[in-house]
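# Sequence and predicted structure, then a few things I'm wondering about:
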Amino acid sequence: MPGKATPDPRPAPTVPEGFRHLPGHLDRAAQQALLEEIREVVRKAPLFQPTMPRTGKPLSVVMSNCGLLGWVADKQGYRYQPIHPVTGEPWPPMPQALLDLWAELSGYPAPPEACLINFYGDKARMGLHRDEDEEDFSAPVLSVSLGDTCRFRIGGQGRKDPSVSFKLASGDIVLLAGDARTAFHGVDRIYPGTSTLLKDGGRINLTLRRVTTP
């Protein structure tokens with residue numbers, strides 16, 4: 001007769017305090033309208049290839065930004081700057097639809113200053129990391145998913161802390177506030193063909209951030 005399994009004494013991983021997932025917050029019409037505005041942004045501020053500091057290894061995503069500031073990554077490090085690293089031009093203004101989402105959901109009294117635009121192809125991913133290049137962590141990070149579904153992972157304040165993962169679909173919104181604001185998180189994989197929003201597939205992630213203290 002088989003013996004009983006030994007209970008695992010470790011607590012089951014849970015999402016950190018301050019994490020919110022709003023599935024399907026944007027309907028298809030809102031997604032399409034926002035996508036057209038992002039395409040206009042990218043026409044003015046083309047996608048560029050970020051690289052890891054020191055090593056210069058390319059990230060698997062390509063990116064752009066809109067707003068007063070844009071986040072960049074290259075051999076000199078991670079930072080925010082007011083101009084596109086390739087064109088030298090200021091970033092385009094942030095679409096009003098994104099400013100409205102921030103006002104609706106963030107609970108923060110000042111507007112976002114940066115919207116990072118990441119494009120994920122079928123094989124792209126984003127390793128576990130923390131958003132910590134901003135001055136004031138009391139402002140949340142607001143993330144919008146457009147296109148193919150991804151598997152998103154979030155853990156704790158240490159890279160090796162237990163983590164949980166779940167799928168983010170087109171139109172989903174995630175907010176990182178409280179403890180979740182500085183939690184390690186990343187994208188494990190993309191599920192190709194799970195959305196028809198982008199004609200050629202892939203996923204766009206829009207991340208709204210307040211960079212400076214008001």
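Perfect, thanks for sending it. Residues are numbered from 1 along each chain as shown.
# In a strand, V42, correct?
No. Using DSSP: H, G, I helix; E, B strand; the rest coil, the assignment for V42 is helix, not a strand.
# Quick check: the gap between the residue lying closest to it once chain neighbours are set aside and F166.
Closest residue to V42 apart from its sequence neighbours, by C-beta to C-beta, 6 or more residues apart in numbering: S64 at 5.4 Å. For every residue, glycine as well, the C-beta is placed using N, CA and C. To F166, S64 is 27 Å away according to C-beta to C-beta, to the nearest Å.
# Show me which of these two is the more surrounded one.
Counted by other C-beta atoms under 10 Å, S64 and F166 do not tie: S64 has more neighbours, with 22 against 13.
# R130 touches G186, doesn't it?
No. Using C-beta atoms under 8 Å, R130 is not in contact with G186, being 9.9 Å away.
# Need the residues that contact stretch 100-117.
For stretch 100-117, the external contacting residues (C-beta atoms under 8 Å, 6 or more residues apart in numbering) are 22, 38, 41-42, 47, 63-71, 80, 94, 98-99, 138-140, 142, 144, 173, 175, 177, 204-212, 214.
# actually stretch 84-95, sorry about that
So stretch 84-95 is in contact with 34, 37-38, 40-41, 44-46, 48, 64-70, 72, 74, 82-83, 112, 115, 208, going by C-beta under 8 Å, 6+ apart.
# now stretch 36-43
Residues contacting stretch 36-43 (C-beta under 8 Å, 6+ apart): S64, C66, P92, P95, A97, I117, L146, I204, L206.
# count of residues packed around the residue nearest to A169 when sequence neighbours are not counted?
Computed as C-beta to C-beta, 6+ apart, the closest residue to A169 that is not its neighbour in sequence is T149, at 4.7 Å. As a burial measure, T149 scores 19 neighbours (other C-beta under 10 Å).
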